[in-house]
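Novice: how would this look folded up:
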Amino acid sequence: MPFCQFCGSEDAARYCGRCGRPQGENPPRSDIDYNKIEKEIRDAGDADQGGEIVLFEGTTWPYMCISPLMCNVNKWRISNKRIDYEHGCCGNTVDTIDMRRVKDLALRRRPWQRIFFRGTIVVYADAEASHDEIHITMTNAHSLYLKLRKTWTTANVGVVG
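Specialist: Predicted structure coming up:
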């Protein structure tokens with residue numbers, strides 16, 4: 001059975017049964033919005049088909065309520081495959097860490113952070129990553145830490161070294 005060259009599904013003859021994209025020299029179908037289907041597949045996060053499962057997507061404020069005045073907010077997109085984040089003044093630096101590059105995870109919470117359901121997730125990456133340590137300070141850090149730890153453990157299955 002042929003595989004789709006776009007989503008990797010096995011159900012692909014002339015058109016993919018999963019994403020609807022044409023295979024080979026077949027013309028695209030005018031009645032299908034391929035971008036919408038791709039977004040739905042990505043949002044659904046079908047990990048069996050190699051899709052990304054988004055664990056967290058949002059903004060954190062490193063200096064609390066004065067962060068916007070300093071033009072310093074961090075934008076995150078954490079999935080089962082990688083961690084993407086924009087940081088620095090006006091988001092001028094964009095970095096990505098592959099989940100396979102993560103060496104260890106830690107959750108740090110001071111007593112006042114526990115009271116307000118905040119915390120800091122520390123991601124330790126290997127020497128080949130852009131940063132060897134990333135700090136994610138946010139609300140509900142504990143729930144994200146548990147998801148991230150499960151994903152990281154799954155990503156490291158079968159990785160040697």
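Novice: contacts and neighbour counts: CA atoms only from here.
Specialist: OK.
Novice: and the residue lying closest to Thr120 once chain neighbours are set aside, what is it in contact with?
Specialist: Excluding the flanking residues, the one nearest Thr120 by Cα to Cα, 6 or more residues apart in numbering is Thr137, at 4.2 Å. Contact analysis of Thr137 by Cα atoms under 8 Å, 6 or more residues apart in numbering lists 60, 62, 118-121.
Novice: Just give me the least confident of these.
Specialist: pLDDT across those is at its lowest for Pro62, which sits at 68.
Novice: about what we covered before: nearest to Asp104, out of the contacts of Thr137: which one, please.
Specialist: Nearest to Asp104, judged by Cα to Cα, of the contacts of Thr137 is Ile121 at 10.6 Å.
Novice: ok, now how distant is that closest one from Phe3?
Specialist: Separation of Ile121 from Phe3 (Cα to Cα, to the nearest Å) stands at 39 Å.
Novice: Comparing these two, which residue is more hemmed in?
Specialist: The neighbour count for Ile121 versus Phe3, taken as other Cα atoms under 10 Å, is higher for Ile121 (21 against 14).
Novice: what's the helix or strand encompassing Asp104 in contact with?
Specialist: Assigning secondary structure by DSSP states H and E places Asp104 in strand 102-108. With contacts defined as Cα under 8 Å, 6+ apart, strand 102-108 is touched by 119-126, 141-142, 145, 149, 152.
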